[in-house]
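Asker: I'll drop the sequence and a predicted model, then ask my questions.
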Amino acid sequence: MQYTQHYHSPLGGILLASDGQALTGLWFEGQKYFGSTLAQHHEQKALPVFEETARWLDTYFGGCEPDFTPPLSTQQFSLFRREVWEIMLKIPFGQTMTYKAIAEALARKRGAERMSAHAVGGAVSHNPISILIPCHRVVGTDGSLTGYAGGMDKKVRLLALEKADMSRLFVPQKGTAL
């Protein structure tokens with residue numbers, strides 16, 4: 001059974017999902033791929049994991065880096081996606097990392113000569129637990145704030161909340177990121 005709960009953030013409504021033990025989804029209402037991992041039949045229910053996630057989000061939206069992470073579950077996804085998300089979990093608060101750098105880190109981990117940054121982009125964009133798995137911290141090699149399922153305005157606001165250095169970053173004028 002899957003369970004849900006709503007959270008009201010300064011950036012809009014957020015839907016949380018859980019298997020009863022761990023967080024399995026976190027989406028801004030109306031974002032691309034909204035509820036992509038959510039079963040058609042689910043129940044709204046108060047759970048300890050939702051309380052812990054709300055505490056994490058309260059700390060985060062208060063402008064502080066949380067010193068804990070609620071239990072997360074991504075086991076239903078491919079190994080490739082999970083490995084990309086594990087790398088994203090290591091991007092420090094207020095910092096960014098490029099798709100290319102993630103691809104290079106994954107290639108090193110796998111002992112491969114190279115890895116496709118485009119494939120990494122697909123994994124980043126399908127991250128089911130946004131904010132906690134910080135896909136908003138992933139940027140283009142040229143500094144473009146490309147590709148955020150929650151919307152470019154939210155990506156900019158999340159990075160600003162973390163006081164990330166935005167001096168070399170920009171919103172692309174054309175493309176799929178908008």
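Answerer: Here it is on my side, so go on. If you're wondering where the values come from, they're calculated on a predicted model, not measured in any experiment. Numbers count the residues shown, from 1 in each chain.
Asker: roughly how far apart are the residue most central in space within the chain and Gly111?
Answerer: Centrality entry for the chain: nearest residue to the mean C-alpha point is Ser130, 2.7 Å, by Cα atoms, centre = their mean. Separation of Ser130 from Gly111 (Cβ to Cβ, to the nearest Å): 30 Å. The C-beta positions use only the backbone N, C-alpha and C, and glycine is treated the same way.
Asker: for the closest residue to His126 other than its chain neighbours, helix, strand, or coil?
Answerer: Once flanking residues are discounted, His126 sits nearest to Tyr33: 6.2 Å by Cβ to Cβ, 6 or more residues apart in numbering. With DSSP: H, G, I helix; E, B strand; the rest coil as the basis, Tyr33 sits in coil.
Asker: residues contacting Tyr33?
Answerer: Trp27, Ser125, His126, Pro128, Ala149 (Cβ atoms under 8 Å, 6 or more residues apart in numbering).
Asker: Same check on Leu132?
Answerer: Leu132 is in contact with Leu23, Leu26, Thr53, Trp56, Thr69, Pro70, Leu72, counting by Cβ under 8 Å, 6+ apart.
Asker: Go ahead and name everything in contact with the longest helix anywhere in the chain.
Answerer: Counting by DSSP state H, the longest helix found in the chain is helix 48-61. Helix 48-61 is contacted from outside by 3, 5, 7, 9-11, 14, 16, 18, 20-23, 26, 65-66, 68-71, 131-132, 161, using Cβ under 8 Å, 6+ apart.
Asker: So which of these belong to helices?
Answerer: Per DSSP H, the subset of the contacts of helix 48-61 in helices is Leu161.
Asker: Please list only the buried members of the contacts of helix 48-61.
Answerer: 3, 5, 9, 11, 14, 16, 18, 22-23, 26, 70, 131-132, 161 (16 or more other Cβ atoms under 10 Å).
Asker: Just the ones of these in strands?
Answerer: Judged by DSSP state E, the buried ones among the contacts of helix 48-61 include Tyr3, Gln5, Ser9, Ile14, Leu16, Ser18, Leu23, Leu26 as members of strands.
Asker: Report the beta-bridge partners for the fourth one.
Answerer: Put plainly, it is Ile14. Tyr7, Phe28 (DSSP bridges).
Asker: Pull the residues that contact the helix or strand of the chain with the lowest mean pLDDT.
Answerer: When the helices and strands of the chain are scored by mean pLDDT, DSSP states H and E, strand 42-44 comes last with a mean of 88. Strand 42-44 has contacts (Cβ under 8 Å, 6+ apart) with Met1, Gln2, Tyr3, Thr4, Gln5, His6, Ala17.
Asker: Would you map out the domains in the chain?
Answerer: 2-61, 79-161 (automatic domain parsing).
Asker: any chance of the ones you listed in JSON lines, plus distance to Arg168?
Answerer: As requested, the domains of the chain are exported to JSON lines (distance: least, Cβ to Cβ, whole Å):
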{"stretch": "domain 2-61", "distance to Arg168": "23"}
{"stretch": "domain 79-161", "distance to Arg168": "5"}
